[in-house]
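>>> Below: sequence and its predicted model.
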Amino acid sequence: SAGVAELSGLQVAYLSGGGGGCSVDPAAVGELRAAAGGAGFGGVDVLLTCAWPRGFYLKLDPSSLPADLLPDKDLPEVGLEEVAELAVKLRPRYHFCGGEGAFWQRPPYRLDARSHACRMVGLSRVQEDKKQTWLKAFGMVPQAALGGAVPAQPEGTTDCPYPYAALTAGGGGGGGERRGERAAKRQREEWVKDGRGWIAEQCWFCTSSTQFESHLVTSVGDEAYLTIAKGPLVPHHSLLVPVAHKASSLDLSAAEAAEVRSYISAVRRCFAARGESVSVSVTRLLACGGRSHTHTHTRCTRLARQPTRGTLPPAVARGAPN
């Protein structure tokens, strides 16, 4: 479940689920996204989630992280991207999360120089370990009572650990929207779900990368986008790419996989109307550095139903490997 409620004048957003590495309900995440996109939305006072936000430790000096912070886990794999996204969109002043069963209070971070600071606090399980804090007291004046004033950012405030960038693309939408509707909806900040330096600099499928070529993008969804292939095998050769940096199609969330399938159906309907079909294949970018540096994508290759006699497909004519 998810929602935004008023408690003693405080605007409190909440999202259940996601603990223990489980996923969260896409509909619940969508409900909070919609709330954050509403007219006049200025942020919430408190965000409550079970899962920790993915990338919570970024923008901190690694030497400042305590040695006993989740010692049995790989920090880049802790938490959920959806929670990190909501921590940006909902603009909370406090973010409490308890799914990892450990207490840790992150130094405050800011979304921008003019915004209030946010304090992320991980809490232990109730009364499980007397040495771990599971109850946190804090004092706060509701944002609505501040009259538009922004509290000063405390000393030690860092930049936001959750990266995002502008992604603007025109064209028709996936999943059957009429042309122009999706383009109007996409004129907003788009979440870039990875903060690794290699990806930000070199992965040409990540929207935060300096290598990203937005002019090739034809449609943008909530979880994936459609783009023209840089080196097309045939005319209208397209790629379906998840916005999040995922190494394999097996890593896609339920929402990401559903949107990719919706895009595939829309592309097939488009070419069927022209008397053509589409070959669909899932591909991984086999870049150097191992599996973590791959960004999965789905190729949609146009196939003419009645090829011209005496001609070879472009891939064969150019001697491309099978």
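Sure, I can see it. Residues are numbered from 1 along each chain as shown.
>>> rest of the way, CA atoms for contacts and neighbours
Fine.
>>> tell me which element Ala255 falls in.
Per DSSP states H and E: Ala255 is located in helix 254-272.
>>> Now that helix - C-alpha only, PDB.
Below are the C-alpha coordinates for helix 254-272, written out as PDB (Å, rounded to 0.1, in the frame of the first residue of the first chain):
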ATOM      1  CA  ALA A 254       7.900  -6.600 -13.300                       C
ATOM      2  CA  ALA A 255       7.100  -3.000 -14.300                       C
ATOM      3  CA  GLU A 256      10.100  -2.800 -16.700                       C
ATOM      4  CA  ALA A 257       9.300  -6.100 -18.300                       C
ATOM      5  CA  ALA A 258       5.700  -5.200 -18.800                       C
ATOM      6  CA  GLU A 259       6.500  -1.900 -20.500                       C
ATOM      7  CA  VAL A 260       9.000  -3.600 -22.800                       C
ATOM      8  CA  ARG A 261       6.300  -6.100 -23.800                       C
ATOM      9  CA  SER A 262       3.900  -3.300 -24.400                       C
ATOM     10  CA  TYR A 263       6.400  -1.500 -26.600                       C
ATOM     11  CA  ILE A 264       7.100  -4.700 -28.600                       C
ATOM     12  CA  SER A 265       3.300  -5.100 -29.200                       C
ATOM     13  CA  ALA A 266       3.000  -1.500 -30.400                       C
ATOM     14  CA  VAL A 267       6.000  -1.900 -32.800                       C
ATOM     15  CA  ARG A 268       4.600  -5.100 -34.200                       C
ATOM     16  CA  ARG A 269       1.200  -3.400 -34.800                       C
ATOM     17  CA  CYS A 270       2.900  -0.500 -36.500                       C
ATOM     18  CA  PHE A 271       4.800  -2.600 -39.000                       C
ATOM     19  CA  ALA A 272       1.800  -5.000 -39.500                       C
END
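>>> in that helix, what's buried?
255-257, 259-260, 263-264, 266-269, 271 (16 or more other C-alpha atoms under 10 Å).
>>> so what strands line up beside the helix or strand that comes right after that helix?
Using DSSP H and E, the helix or strand that follows helix 254-272 in sequence is strand 276-283. Strand 276-283 has the following strand partners under DSSP bridges: strand 297-304 (antiparallel).
>>> from the middle of its chain, how far away would the strand it pairs with be?
Strand 297-304 sits 25 Å away from the centroid of its parent chain (C-alpha atoms, centre = their mean, to the nearest Å).
>>> Let me know the angle separating it from helix 254-272.
Counting by axes from the mean of the first three to the mean of the last three C-alpha atoms, to 10 degrees, strand 297-304 lies at 10 degrees to helix 254-272.
>>> Need the residues that contact strand 297-304.
233-242, 249, 264, 267, 271, 275-285 (C-alpha atoms under 8 Å, 6 or more residues apart in numbering).
>>> Stretch 146-156 now?
Residues from elsewhere that reach stretch 146-156 (C-alpha under 8 Å, 6+ apart): 107-108, 110, 114-117.
>>> Select from these the one having the most neighbours.
Neighbour tally across the contacts of stretch 146-156 (other C-alpha atoms under 10 Å): the maximum, 26 neighbours, falls on Ala117.
>>> Now that one. Its backbone dihedrals?
The phi and psi values for Ala117, taken as degrees, to the nearest 10, are phi -90, psi 150.
>>> quick one: it from Cys203, how far?
Taking C-alpha to C-alpha, to the nearest Å as the measure, Ala117 falls 31 Å from Cys203.
>>> do the same with Thr157
Computed as C-alpha to C-alpha, the Thr157 to Cys203 distance reads 29 Å.
>>> what are the phi and psi values for Thr158?
When read as degrees, to the nearest 10, the backbone of Thr158 gives phi -110, psi 170.
>>> ok, it touching Tyr57?
No. With contact defined as C-alpha atoms under 8 Å, Thr158 does not reach Tyr57; the gap is 10.8 Å.
>>> okay, Thr157 and Cys203: which has more neighbours?
Cys203 (21 against 15).
>>> so what's that one up against?
Cys203 sits next to 209, 211-212, 293, 295 when contact means C-alpha under 8 Å, 6+ apart.
>>> same thing with Leu135?
Counting by C-alpha under 8 Å, 6+ apart, Leu135 touches 123, 126.
>>> Contact partners for Leu240?
Neighbouring residues of Leu240 by C-alpha under 8 Å, 6+ apart: 224-227, 260, 263, 297-300.
>>> Pull up the distance across stretch 14-32, start to finish.
Using C-alpha to C-alpha, the end-to-end distance of stretch 14-32 comes out at 9 Å.
>>> Please apply the same query to stretch 225-240.
One end of stretch 225-240 sits 6 Å from the other (C-alpha to C-alpha).
>>> so how far is that stretch from its chain's centroid?
For stretch 225-240, the distance to the chain centre is 23 Å (C-alpha atoms, centre = their mean).
>>> What's the ChimeraX line that selects buried ones from the contacts of Leu240?
To isolate the buried ones among these in ChimeraX, judged by 16+ other C-alpha under 10 Å, type:
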select :224,225,226,227,260,263,297,298,299,300
